[in-house]
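Peer 1: Below is the sequence, then the predicted model.
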Amino acid sequence: MADDTTLEGVKKALEEAPDREFVESVELAINLRDIDLSQPENRIDEEIVLPHGRGKEIKVGVFGSGELALQARDVADTVIEPDRIEDLSDDKREARKLAEEHQFFLAEPSIMPVIGRELGSILGPQGKMPNPITPDDDIEDVVKSLKGTVHVRSGDRRTFHAPVGTVKLEEEEIADNVDTVMRRIIQNLDRREINIASVYVKTTMGPAVRIM
C-alpha cells in the first residue's frame, strides 16, 4: 500500500497535467545532497522491478545462439546472433538504433566479452550492457521481469530521473511504484533519507509536485 503523501502527490501531478494526445510517462526527479558522486561507489545504479510494471511496452533484446536463440524468439523482441555483433560494430548507426529501441539486453555469458569489445562504447554509456543469462534460467520469466523493470542511474549528477509508470496506470499503482523505487534508492545511500534533498513526481509535460 502506497504512502499517503506519495499518493496525494501523484494525484495532484495527474490532475494538473494538461491533456495530451499521447500516453505520458510518469517520472521522479530525485535530488541528492551531502554525497560525493565523483566517486563511482557512491552513485545510484539499480535495476528495480516495479510492482505494477512500466505501463507501456518495453523491448528486450537477446544476444544468443543455438537453443537460447530459439527460446528467445518466442519471448524477446529481438534476437541478435553472434555473427551479427561484428556487423553492428561496423555499422554504428544501426548499433545506436538497436540500443535506442531496446531498454534491456540479455546475453550468453560466453559472448559477453565480444559484446563488450565490439559494442561496449555504444551500450555502456546508455547503461544497456547485457545481463548474463544461463541455460538454467527460464528466459520467459527473465524477459517478463525485465519488461516491468526500470534502470535508475544517477551518474555523477545530484539530480536525476527515474520512470515509475505512465498515466495509463491507476493512481495507487503509480504511487506504489514510486515508493518501491524510493525504498531501493534510500537503502543504497550512506545516510539514508538524510542524503535526499527533495523528490518530485511529474508527467512528461506536466508540472512537478514535491512528495519528499
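Peer 2: Sure thing, it's come through.
Peer 1: From the rest of the structure, what touches the helix or strand in which residue 181 is found?
Peer 2: Secondary structure assigned from DSSP states H and E places residue 181 in helix 171-187. The contact list for helix 171-187, computed with C-beta atoms under 8 Å, 6 or more residues apart in numbering, reads 1-3, 6-7, 9-11, 14, 26, 28, 30, 44, 46, 48-52, 55, 150, 152, 162, 164-165, 169, 192-193, 195-196, 199, 201, 211-212. In short, each C-beta sits where N, CA and C put it, glycine included.
Peer 1: Buried residues in it, which are they?
Peer 2: Using 16 or more other C-beta atoms under 10 Å as the test for burial, helix 171-187 gives 171, 173-182, 184-185.
Peer 1: ok, now stretch 50-66?
Peer 2: 50, 52-55, 58-65.
Peer 1: quick one: it to chain centroid distance?
Peer 2: Taking C-alpha atoms, centre = their mean, to the nearest Å, the mean C-alpha location of stretch 50-66 is offset from the chain mean by 10 Å.
Peer 1: returning to what we had before: can you list the buried residues of stretch 50-66 in CSV and add pLDDT?
Peer 2: Listed next are those as CSV, based on pLDDT from 0 to 100:
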residue, pLDDT
50, 96
52, 96
53, 93
54, 91
55, 91
58, 88
59, 94
60, 95
61, 95
62, 96
63, 96
64, 93
65, 91
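Peer 1: Tell me the one among these nearest to residue 39.
Peer 2: Among the buried residues of stretch 50-66, residue 50 lies closest to residue 39 (C-beta to C-beta), at 28.3 Å.
Peer 1: Kindly tell me how buried the nearest residue to residue 146 once chain neighbours are set aside is, as a neighbour count.
Peer 2: Sequence neighbours aside, residue 104 is the residue nearest to residue 146 in space, at 4.6 Å (criterion: C-beta to C-beta, 6 or more residues apart in numbering). For residue 104, the neighbour count with other C-beta atoms under 10 Å is 23.
Peer 1: begin at 53 from here
Peer 2: All right, first residue 53 from here; so that's residue 156.
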